[in-house]
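1. sequence unknown, structure follows:
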Ligand SMILES: C[S@@+](CC[C@H](N)C(=O)[O-])C[C@H]1O[C@@H](n2cnc3c(N)ncnc32)[C@H](O)[C@@H]1O
């Protein structure tokens, strides 16, 4: 499989990414209660900026990513700590055997996943009743954010994505634009959706 983040992994953790992921983690923690017994998954965990900031609040986090180079950066971080609540899963969520999760997090990764509906269905199947699905991603943009035609989704229409989640049986607890990322002399809005099964 092609590693699309090979050239980005080693410099991923820059001040902008740290600010954005911290803001998402705070937004998530203010929107739902994470329990010490929770077993959650983060899809597109990358170098672990979001997941590692939440690790103390839960029992276990499965950090899933299909980029070996991003996961290598995460492994190096884990090697220098005594964190034992993280299990790294290399690949795609849809093909793992994870089940009975208390929640799934997906930050800035949904736009890289080809089949959004199938992904939503897989999340719903693999979380417990009342489990949460938290998405943070770009609002619909003109393609200039990545500047590449290879990106699968140029952000999302917040209303349409919420309706899609509702159609698949989720209840929307929160949907709002809460942040911006500056790039190419533009501000790209970022939303959070917290959905519950
Ligand atoms: C924009 S990065 C975000 C990383 C991390 N969430 C962060 O904000 O620092 C997107 C991540 O999703 C991963 N990814 C893309 N498609 C994926 C898929 N189908 N399954 C799992 N991970 C995927 C990429 O390898 C990359 O690490």
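-> Nice, I can see it. These numbers were taken from a predicted model, which means no experiment stands behind them. Residues are numbered from 1 along each chain as shown.

2. pLDDT averaged over the longest helix seen in the chain - what is it?
-> Residue-count comparison of every helix in the chain, with assignments taken from DSSP state H, identifies helix 15-31 as the longest. Per-residue pLDDT values over helix 15-31 give a mean of 97.

3. what of stretch 150-158?
-> Mean pLDDT, taken over the full extent of stretch 150-158, equals 90.

4. cool, and stretch 168-182?
-> Across stretch 168-182, pLDDT averages out at 97.

5. got the contact list for it?
-> Under the criterion CB atoms under 8 Å, 6 or more residues apart in numbering, residues 16, 20, 23-24, 27, 31-32, 117, 120-121, 124, 132-133, 138-139, 145, 158, 162, 165-166, 187-197 lie in contact with stretch 168-182. (Glycine included, C-beta is placed from N, CA and C.)

6. for stretch 190-197, same thing?
-> Counting by CB under 8 Å, 6+ apart, stretch 190-197 makes contact with 20, 24, 27-28, 31-32, 108, 124, 127-139, 156, 158, 161-162, 165, 169-181, all of which sit outside it.

7. go again using 7 Å as the cut-off
-> Outside stretch 190-197, the residues that touch it by CB atoms under 7 Å, 6 or more residues apart in numbering are 24, 27, 31-32, 124, 127, 129-139, 158, 161-162, 165, 169-181.

8. any idea of the mean pLDDT for that stretch?
-> Across stretch 190-197, the average pLDDT comes to 98.
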